[in-house]
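Q: Sequence and predicted structure below; questions after.
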Amino acid sequence: MSISIDLQNDYAFTDIPDIEQFSLWVKTALEENLADIEQTIRIVDEAESRSLNQQYRGKDRATNILSFPSDIPHIDYLNLGDLVVCAPLVEREAFEQSKTVLAHWAHLIVHGMLHLQDLKHENEDEATKMEALEIEILSTLGYSNPYNNE
């Protein structure tokens, strides 16, 4: 399997995970073994997150992660879609939830990747299943249950 990460950090946030960490989290969150995958991860500030959240979800606030599933078929590789992560919000939430920033980044990338694979948490059953899968995936990466401190 080949994973290519297109990391877009236009705001030059310096305290973000490295490309190897993003690649590991993406790979571990994949439910299927795929031949090749290209994954876009865009790092944004709160203003851009709020704007995108308003435009695509009708919510006038910044959010930690947005997932934009791809509807374009690719022949040579798979692009499940794009992830947009609000770096300042990730840091603030990690502090508020008594987590390491790196553990929160891992959780959000796994969470976003599951959304790109069509998992949802719109009702209690879906949320329970998705959270259990997140906990399992994060455990294999050496992170504790992200829902214990929320």
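A: Cool, the structure landed. Numbering: from 1, shown residues only.
Q: Identify the residue spatially nearest to the residue sitting nearest the centre point of the chain, adjacent ones excluded.
A: Centroid-nearest residue in the chain, with Cα atoms, centre = their mean: I109, separated by 2.4 Å. Closest residue to I109 apart from its sequence neighbours, by Cβ to Cβ, 6 or more residues apart in numbering: W25 at 4.2 Å. The C-beta positions use only the backbone N, C-alpha and C, and glycine is treated the same way.
Q: what do you get for Y143?
A: Closest residue to Y143 apart from its sequence neighbours, by Cβ to Cβ, 6+ apart: A103 at 4.9 Å.
Q: Likewise for L102?
A: The shortest distance from L102 to any non-neighbouring residue, by Cβ to Cβ, 6+ apart, is to P17 (6.4 Å).
Q: what's next to the longest strand anywhere in the chain, contact-wise?
A: Criterion DSSP state E: the longest strand present in the chain is strand 36-44. Identification of contacts with strand 36-44 by Cβ atoms under 8 Å, 6 or more residues apart in numbering yields 1-11, 13, 16, 22, 26, 30, 52, 74, 76-87, 109, 113.
Q: Let me see the contact set for L66.
A: By Cβ under 8 Å, 6+ apart, L66 lies in contact with 49, 52-53, 56-57, 83-84, 112.
Q: ranges for the helices of the chain?
A: Counting by DSSP state H, one finds helices in the chain at the ranges 19-29, 46-57, 87-96, 101-116, 124-140.
Q: What is the first one packed up against?
A: Using 3 or more Cβ pairs under 8 Å, 6 or more residues apart in numbering; DSSP states H and E as the contact test, the elements touching helix 19-29 are strand 2-8, strand 36-44, helix 101-116, helix 124-140.
Q: repeat that with 6 Å
A: Taking 3 or more Cβ pairs under 6 Å, 6 or more residues apart in numbering; DSSP states H and E as contact, the helices and strands that helix 19-29 lies on are strand 2-8, helix 101-116.
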